[in-house]
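Asks: sequence unavailable; structure follows:
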C-alpha cells in the first residue's frame, strides 16, 4: 500500500516537471496554441501585412499620383518612423494605465480600419493630404496594436513556449515574416495591373493602394477580442 502511494507521488511529480519542459519541435509548439494565442497571432499577421503594404507601396503610389521624388518619399517614411518612440512612450506611460489591454486592442484595430478606409478615393479627388493622413493614422495605429498585441500574447501563451528554441518569439516572428511575404506578393501581383486602375476598381481587389485584403483582415479581427 505504501509502495503504491509512493509511486503515485512520483508520477505526480514527473507530470509537472514534464509540463515545464520546453517544446522540441514546431509541431509540438503548434499543439500548445490555444484559440486565444491563434487569434493574437492572426492579429499580428494582419498588422504586419498592413505595415508592409504601406511602406513598400509608398514609392510606387506617390511617384505615380503625386510625382514625388525619392527624397520626398524618404522624408515621408522617416516621418513615420519618428512617430514610433513618442507613441510607444505615450501609450506605455499614460494610456495603458487608463484602459485595459483589450480595450486598447479593439480601439487600435478600429483606427487601423479607419486608416484603410481613408486611403480610398470616394468623392473628392485623391490628394496628398489624404494619402499622408491615412498613412500616418494607419502606421501609428498599427504600432499601438503591435505593442498591445504582444503584451496580450505573452499573457495567454503557455509557459512551455517561453523557453527553448521553439518559443513564442519564434512563432510571432514567423507570423510577421509570412505577413511580409504575402504583402510583397500582393504588390507583385498588383504590378501586373495598370497603375491608372489602382484606385477603386472592382477588378483590382488586390491592388496596392486600395489595400482590400488589409481591410478584410481588419474587419475579421474586429470581433476577435470578444471570443475570449
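Replies: Alright, I've got the coordinates. Owing to the predicted nature of the structure, the values given are computational and were not obtained by experimental measurement. Numbering: from 1, shown residues only.
Asks: name the single longest helix found in this structure.
Replies: In the chain, assigned by DSSP state H, the helix with the most residues is helix 35-66.
Asks: beyond it, next helix or strand please.
Replies: helix 70-82 (DSSP states H and E).
Asks: and for the next helix or strand after that next one, what are the contacting residues?
Replies: Counting by DSSP H and E, the next helix or strand C-terminal to helix 70-82 is helix 84-90. For helix 84-90, the external contacting residues (Cβ atoms under 8 Å, 6 or more residues apart in numbering) are 140, 143, 144, 147. Backbone N, C-alpha and C define where each C-beta goes, glycine included.
Asks: neighbour-wise, which of those residues leads?
Replies: Most neighbours among these, by other Cβ atoms under 10 Å: residue 144, with 24 neighbours.
Asks: now the contacts of helix 84-90 as JSON lines including pLDDT, distance to residue 113 and secondary structure?
Replies: As requested, those are exported to JSON lines (pLDDT from 0 to 100; distance: Cβ to Cβ, whole Å; DSSP: H, G, I helix; E, B strand; the rest coil):
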{"residue": "140", "pLDDT": "93", "distance to residue 113": "14", "secondary structure": "helix"}
{"residue": "143", "pLDDT": "91", "distance to residue 113": "15", "secondary structure": "helix"}
{"residue": "144", "pLDDT": "92", "distance to residue 113": "13", "secondary structure": "helix"}
{"residue": "147", "pLDDT": "88", "distance to residue 113": "18", "secondary structure": "helix"}
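Asks: nearest to residue 31 among the residues you listed?
Replies: Of all the contacts of helix 84-90, residue 31 sits closest to residue 147, with 27.7 Å by Cβ to Cβ.
Asks: roughly how far apart are the residue nearest the centre of the chain and residue 40?
Replies: For the chain, the residue nearest the mean C-alpha position is residue 47 (2.3 Å; Cα atoms, centre = their mean). Per Cβ to Cβ, to the nearest Å, residue 47 is found 11 Å from residue 40.
Asks: quickly list what's touching both of those two.
Replies: residue 149.
Asks: quick one, what contacts the closest residue to residue 150 other than its chain neighbours?
Replies: For residue 150, ignoring the flanking residues on the chain, the nearest one in space by Cβ to Cβ, 6 or more residues apart in numbering is residue 172 at 6.9 Å. Counting by Cβ under 8 Å, 6+ apart, residue 172 touches 41, 44, 150, 153.
Asks: now the two most distant members of those.
Replies: Top of the distance list for the contacts of residue 172 (Cβ to Cβ): 41 and 150, 10.6 Å.
Asks: so which of these two has more stuff around it?
Replies: The residue with more neighbours, out of residue 41 and residue 150, is residue 41; 21 against 14, by other Cβ under 10 Å.
Asks: wait, that one touches residue 173, no?
Replies: No: between residue 41 and residue 173 there is no contact under Cβ atoms under 8 Å: 10.8 Å.
Asks: now the helices for this protein?
Replies: 2-19, 26-31, 35-66, 70-82, 84-90, 96-98, 101-118, 128-156, 168-190, 212-222.
Asks: which one of those lies closest to residue 162?
Replies: Closest of those to residue 162 is helix 168-190, at 6.4 Å (criterion: Cβ to Cβ).
Asks: so for the closest one, mean pLDDT?
Replies: Mean per-residue pLDDT for helix 168-190: 85.
Asks: for stretch 94-111, same thing?
Replies: Averaged across stretch 94-111, pLDDT comes to 89.
Asks: that older thread, for residue 181, see how far away the residue nearest to residue 150 is.
Replies: Applying Cβ to Cβ, the value for residue 172 to residue 181 is 15 Å.
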